[in-house]
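K.L.:
Here is a sequence with its predicted model. Questions after.
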Amino acid sequence: MNTCKKILEISNLSVSVENKVIINNLDLVINTGEIHAIMGKNGSGKSTLAKVISGHPLYSIDKGKILFKNKDITYEEPDVRAHDGIFLGFQYPVEVPGVSNIDFLRSAYNAKKTHLKEDILDPLSFFKLVNKEIEQINIESKFLNRSLNEGFSGGEKKKNEILQMSLLQRELCILDEIDSGLDVDALKDISNKIKNFHKPYNSILLITHYQKLIDYIKPTHVHIMHEGNIKISGNQELATEIDKYGYENIV
């Protein structure tokens with residue numbers, strides 16, 4: 001169990017792609033047990049921030065630091081960050097034909113177990129475990145035998161990301177627009193699973209455009225990004241103001 005109060009600390013971070021600055025002198029602190037939501041117009045740098053925290057190789061860090069549980073991970077490889085306890089739920093999950101969803105999930109789960117020097121699960125034991133999880137987000141068991149994300153609806157892809165989050169039990173979970181393209185029922189299912197997953201010893205960072213997700217999950221902190229930086233921070237009421245008045249009148 002993590003005993004570090006500051007689970008994530010980003011200091012003076014600037015990031016570019018092909019010499020274009022995307023994130024500019026950004027600071028952010030997330031403590032254990034908190035849920036943070038980052039909102040902002042398209043192109044404000046929200047999704048870039050999520051990918052940079054998880055170690056995406058496309059982005060160049062020009063300056064600044066990213067500390068995770070007091071460890072400097074600014075230039076760590078993505079797999080190291082994942083083993084340390086960071087999970088990223090993608091906005092656009094990749095389709096992998098020929099690899100069954102359940103095989104992928106079991107491999108990811110057992111990789112974590114191996115890293116922790118714990119016993120891995122055989123296929124039958126894992127099937128029992130994963131079936132308990134899928135019941136909570138209203139997915140049929142036949143969904144597990146399909147190729148990873150191939151032919152999945154938008155809602156199924158997002159539910160699969162939440163299923164991975166639940167199985168892997170990382171300490172910091174970053175969900176990049178997990179609500180986009182979902183109908184009302186799927187949004188409720190996913191929101192309930194996120195709320196049930198959240199515990200005093202983990203933290204969640206939501207990247208979102210939508211007030212509805214904020215209403216369901218009730219984050220402890222809301223930040224507004226604009227031109228690569230966090231311009232305003234507050235609580236859930238800040239999201240309500242954005243929904244009412246728009247970004248132009250707040251930032």
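P.N.:
Received it, and whenever you're ready, just let me know what you need.

K.L.:
Off-centre distance for the host helix or strand of residue 244?
P.N.:
Assigned by DSSP states H and E, residue 244 belongs to helix 236-245. Helix 236-245 has its C-alpha centroid displaced from the chain centroid by 22 Å (CA atoms, centre = their mean, to the nearest Å).

K.L.:
before we move on, what about stretch 138-157?
P.N.:
In terms of CA atoms, centre = their mean, the centre of stretch 138-157 is set 19 Å apart from its chain centre.

K.L.:
Please put the alpha-carbon coordinates of it into PDB.
P.N.:
Listed in PDB are the C-alpha atoms of stretch 138-157, where the atom choice follows Å, rounded to 0.1, in the frame of the first residue of the first chain:
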ATOM      1  CA  ASN A 138     -22.700  -5.000 -17.800                       C
ATOM      2  CA  ILE A 139     -20.500  -6.800 -20.300                       C
ATOM      3  CA  GLU A 140     -21.400 -10.400 -21.500                       C
ATOM      4  CA  SER A 141     -18.800 -13.100 -21.000                       C
ATOM      5  CA  LYS A 142     -18.600 -13.800 -24.800                       C
ATOM      6  CA  PHE A 143     -17.000 -10.300 -25.100                       C
ATOM      7  CA  LEU A 144     -13.800 -11.800 -23.500                       C
ATOM      8  CA  ASN A 145     -13.200 -14.200 -26.500                       C
ATOM      9  CA  ARG A 146     -13.300 -11.500 -29.200                       C
ATOM     10  CA  SER A 147     -10.100 -10.100 -30.600                       C
ATOM     11  CA  LEU A 148      -8.800  -7.200 -28.500                       C
ATOM     12  CA  ASN A 149     -11.000  -4.100 -29.300                       C
ATOM     13  CA  GLU A 150     -11.600  -5.400 -32.900                       C
ATOM     14  CA  GLY A 151     -15.200  -4.500 -33.900                       C
ATOM     15  CA  PHE A 152     -15.900  -3.200 -30.400                       C
ATOM     16  CA  SER A 153     -18.400  -0.300 -30.200                       C
ATOM     17  CA  GLY A 154     -17.100   2.900 -28.600                       C
ATOM     18  CA  GLY A 155     -18.800   1.900 -25.300                       C
ATOM     19  CA  GLU A 156     -17.300  -1.600 -25.300                       C
ATOM     20  CA  LYS A 157     -13.800  -0.200 -25.900                       C
END
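
K.L.:
Now tell me what touches that stretch from outside.
P.N.:
Counting contacts by CB atoms under 8 Å, 6 or more residues apart in numbering, the residues outside stretch 138-157 that touch it are 93-102, 104-105, 127, 130-131, 134, 159-160, 163, 180-183, 185-186, 189. Where C-beta positions appear, they are placed from N, C-alpha and C, glycine not excepted.

K.L.:
avg pLDDT for it?
P.N.:
Mean pLDDT, computed over stretch 138-157, is 82.
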